[in-house]
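Asker: Sharing a model that was predicted from the sequence below.
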Amino acid sequence: MSEPIAHIRIALNDIEPEIWRRVAVPLDLSLKGLHDVIQAVMGWQDYHLFEFTIGEKVYGLPGPEWDYGRKIFKAKLAKLATFVAHGVVTFGYVYDMGDNWQHTVTVEPADAAQKYPIFIDGARRAPPEDVGGVPGYYEFIEAVSKPRHREHKRMLEWYGQPFDPNDIDPLTIRLRLGDIAKRRHAGKLAYRKRQST
């Protein structure tokens, strides 16, 4: 049974050459689910807060300790299909308010064929967690790419392995998205089973 899907293009702002991913996701995905997908395709570990800005509204994890007096709507209650039905094709996503990783998310129509989400393509490895935002990322790239750089050894030890900014590691992305697809599929089956009893 196929379900309505969309292709989602996620581009990390303010870094050149561009770091981006394209994935196919079901339209019934919540914004919290889309956050999980973005974490998987960018290779991040979901250590920090996130927000989606769509029109005048902000969606994330509401809480008085981090909403700074703003109204934040629950991301887990907002479905991608609702926004697409209202003509929304581009919106913002921010991950890690300290490093302030700002993204542009673009929705592209697609046809359904299998279990989603699915990785389609992308370019360049995403910055490591807690690298220090855009300036820290550029300093990190310079240090790890130049063996004679004074911070080379320390940065490699901090990261834990070599870092190739051009290798996006599609196998790991596909495995991480596969886990999300399996959980979604199992959840849908359990829901249908409960409804039929």
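Answerer: Good, I have the coordinates.
Asker: what packs against the longest helix anywhere in the chain?
Answerer: In terms of residue count, the longest helix belonging to the chain (DSSP state H) is helix 170-196. Packed against helix 170-196 by the contact rule (3 or more CB pairs under 8 Å, 6 or more residues apart in numbering; DSSP states H and E) you find strand 19-26, helix 31-42, strand 118-123. Backbone N, C-alpha and C define where each C-beta goes, glycine included.
Asker: want to throw these into TSV with distance to Arg194 and mean neighbour count?
Answerer: Formatted as TSV, the helices and strands packed on helix 170-196 follow (distance: least, CB to CB, whole Å; neighbours: other CB atoms under 10 Å):
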stretch	distance to Arg194	mean neighbour count
strand 19-26	20	22
helix 31-42	20	22
strand 118-123	27	17
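Asker: among these, which gets the worst mean confidence?
Answerer: Note on those: lowest mean pLDDT is at strand 118-123, with a mean of 89.
Asker: Starting from it, tell me the next helix or strand along the chain.
Answerer: Next along the chain after strand 118-123, taking DSSP states H and E as the criterion, comes helix 133-145.
Asker: Check the offset of that following helix from the chain's centre.
Answerer: Remark: helix 133-145 is offset 21 Å from the chain centroid, using CA atoms, centre = their mean, to the nearest Å.
Asker: Pretty sure Gln102 is one of the things Asp14 touches, is it not?
Answerer: Yes. At 6.8 Å, Asp14 counts as touching Gln102 under the criterion of CB atoms under 8 Å.
Asker: Between these two, which has more neighbouring residues?
Answerer: Legend: neighbour count by other CB atoms under 10 Å for Asp14 and Gln102, higher for Gln102 (17 against 12).
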